[in-house]
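Visitor: Quick one, structure for this:
(chains A and B)
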Amino acid sequence: MTTTSVDERPVPAEDVIGRPSAGGHLKDRAFKAGLIGLTSVGLIVLAVLLVTTFLDGAPSLSLEFLTSFPSAFPEKAGIESAITGTLWLMVIVGAVIIPLGVATALYLEEYADVNRWWNRVIEVNIQNLAAVPSIVYGILGLAYFVRGPLSLGRTVLAGGLTLSLVVLPVVIITTREAIRAVPPSIKEGALALGATRWQAIWRQILPASVPGIATGVILSVSRAIGETAPLILVGAATFVAFNPTGLDSPFTALPLQIFSWTSQPDEDFKALAAAAIIVLLVILAVLNGLAIWLRNRYQRKW
Amino acid sequence: MVNMYPEDGLSEAMVPRVSEDPQRQAEEEAGFPGEVPPVPAGMPHAPVPEVAHHDVIDDAIHNPVFQTEDLSVSYSGKPAVLDVTMKVPEKEITAFIGPSGCGKSTILRCFDRMNDLIPAASVTGTVRYHGVDLYASDVDAVQVRKKIGMVFQKPNPFPKSIYENIAFGPRVQGMKGDMDELVETALRRASLWDDVKDRLKDNAFGMSGGQQQRLCIARALATDPDVLLMDEPCSALDPISTGRIEDLMHELKETVSIVIVTHNMQQAARVSDRTAFFIVDLSAGEDQRIGRLVEYGPTDRMFTNPHDTRTEEYISGKFG
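Guide: Residues are numbered from 1 along each chain as shown, chains lettered A, B, ... in the order given. This next block holds a predicted model:
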């Protein structure tokens, strides 16, 4: 047998693998440029908004601004009651949506039989409710929490309950995803050891999905405290010179305070509104940052 | 003894896969240019059996752990495995072998009522465990699983510490006693104690695949089961880890009865005392894949002197 030696002469690439189609690369580049252009439209608008807000609001930011109550005089006005009102809302929303959202999600994921029409109705409804405008929830809150059956009045509890309704569908959806992310083999493993369904869920599935649930809850709370429309409807006040003292206390919140100041004719109040926006943005950034950190910290590869 | 079928390990790859997703299946069948041409989808798994059902029941088993009679399982009304009648002896290792889709895992999952988790599955016939009908209306599946442990194909430790993995079973079963001692005993029985005694608080996900599987065995042993069901426990493991688990099985059969499903015939030959051979029966039509028990007997005899020609053809690598 003879062995053939390898020919060292270079072979033109296109002889072997073919010639690239004319214009193919050009189109590719044009498409990419188009995408970058469109992305930057959104980013630029956002950046302009942020920069102007910071320029307008930064001079008004001070410790005094954070620790003063609203006032008819711009130089004395502050947002303490708005911040405490927002914190109260966060706590109430959290306390309502965690048990309700987790329980609903667990039912739908672990117990509901999708072959039953009512379970499908519930599912479709939750998807739809997530897209209902928040002002509709405001009307509901006004009719059922402020007046009507619960008659709570224009209290921080009524406001918190209304905001909970706004974000509940989202919490249910994200919690379901977190539960579904736990592989079925974990449940099988627990059941094979003689655990009851409840033991498997409570001791294995829920703990394993806590990071995902927490992320969803935090993002929902941060959405809730940015909501304005439902609070206007349930009658949160805009001029509250005291902190909430309990669930039945009148209240205001940051977005409402901002809304009220921007509608004042005095330019100085507009600067205060910008300063309050900065504070609200910082709170939201912290919450979202916490959610991202949680997700990355506890993200598990199964 | 019977280590004469080196091509066994490859046999699995030659089985045409049936994908649930028809599009994906079409893609798989189409293959890619330049690849070895795939097995045509219509190619039968096994020679169409002349006799629908051929069972050799070993009457020598007087004290069976499990005794099945005409056990059949169907999914959404379509039969998956039909008319399995057999006795599983105590304190021995019984292996289920056969090609993919022959229903061996399905039958195994009847032994601890894990099929209950699949709503579409329905079981007919009887499975007796020490004489008790496991599917009787007064039998609670949770109680059954307390007596019968199971190890799965892919190691599935809980995302918790090694200690917590072991302690989970005893805790949910309300077992009394010193938990530390229970954990140590279980880990020792699974020959894992020396590997992990200094890192009991570490997350089980940090272990190697073989260690994870032995942890799952230890976890099952912690509740002191009477039977250990193993569903292809080594299919995701390397040969060394597989060897350790097989050694472990030999030690364990002193105290527990073991039923193992395996794709690996050499493994069945190495570890088991008895072997049951299942096939896929296509005689009812190409899309009706029905698993059947063909032959069941002592492993030595099954591998040296199979009574059924299909068993002989399978173990000599002619199909599957």
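Visitor: Would you pull up the residue in the stretch 1-150 of chain B closest to chain A?
Guide: residue B:146 (3.5 Å; Cβ to the nearest Cβ). (C-beta placed from N, C-alpha, C; glycine too.)
Visitor: and that residue, what does it touch?
Guide: Shown in contact with residue B:146 (Cβ atoms under 8 Å, 6 or more residues apart in numbering or on different chains): A:194, B:173, B:223, B:225.
Visitor: how many neighbours does residue B:133 have?
Guide: When neighbours are counted by other Cβ atoms under 10 Å in any protein chain shown, residue B:133 registers 14.
Visitor: From what I see, it and residue B:125 are in contact.
Guide: No. Using Cβ atoms under 8 Å, residue B:133 makes no contact with residue B:125, being 10.2 Å away.
Visitor: Can you show me the strands along the chain?
Guide: Just so you know, I chose chain A. With DSSP state E as the definition, chain A shows no strands.
Visitor: that's the other chain; I wanted chain B
Guide: B:66-75, B:78-88, B:93-97, B:121-129, B:132-133, B:148-151, B:227-231, B:257-261, B:274-281, B:290-298.
Visitor: Compute the inter-axis angle for the fourth one and strand B:78-88.
Guide: Taking axes from the mean of the first three to the mean of the last three Cα atoms, to 10 degrees, one finds that strand B:121-129 is oriented at 10 degrees with respect to strand B:78-88.
Visitor: near chain A, anything from strand B:121-129?
Guide: No. Strand B:121-129 is not in contact with chain A by Cβ under 8 Å from any Cβ of the partner chain; minimum separation 13.9 Å.
Visitor: That strand - what's its average pLDDT?
Guide: For strand B:121-129, the mean per-residue pLDDT is 92.
Visitor: For it, list every residue counted as buried.
Guide: Neighbour-count burial for strand B:121-129 flags B:121, B:123, B:125-129 (criterion: 16 or more other Cβ atoms under 10 Å in any protein chain shown).
Visitor: Need those residues in CSV (columns: distance to residue B:101).
Guide: Compiled in CSV, the buried residues of strand B:121-129 are given as follows (distance: Cβ to Cβ, whole Å):
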residue, distance to residue B:101
B:121, 15
B:123, 18
B:125, 20
B:126, 24
B:127, 21
B:128, 26
B:129, 26
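Visitor: quick one on the thing from earlier: which among the strands of chain B is found nearest to residue B:179?
Guide: Of all the strands of chain B, it is strand B:148-151 that lies closest to residue B:179, at 18.1 Å by Cβ to Cβ.
Visitor: partners of that closest one, with directions?
Guide: Strand B:148-151 sits in its sheet next to strand B:227-231 (parallel), going by DSSP bridges.
Visitor: Quick one: mean pLDDT for the strand it pairs with?
Guide: Strand B:227-231 comes out at a mean pLDDT of 95.
Visitor: Contact residues of the stretch 101-250 of chain A facing chain B?
Guide: By Cβ under 8 Å from any Cβ, the residues of the stretch 101-250 of chain A that approach chain B are A:113, A:183, A:185-196, A:199, A:203-204, A:207-208.
Visitor: Show me which residues of the stretch 201-320 of chain B are close to chain A?
Guide: For the stretch 201-320 of chain B, the residues in contact with chain A (Cβ under 8 Å from any Cβ) are B:205, B:216, B:219-220, B:223.
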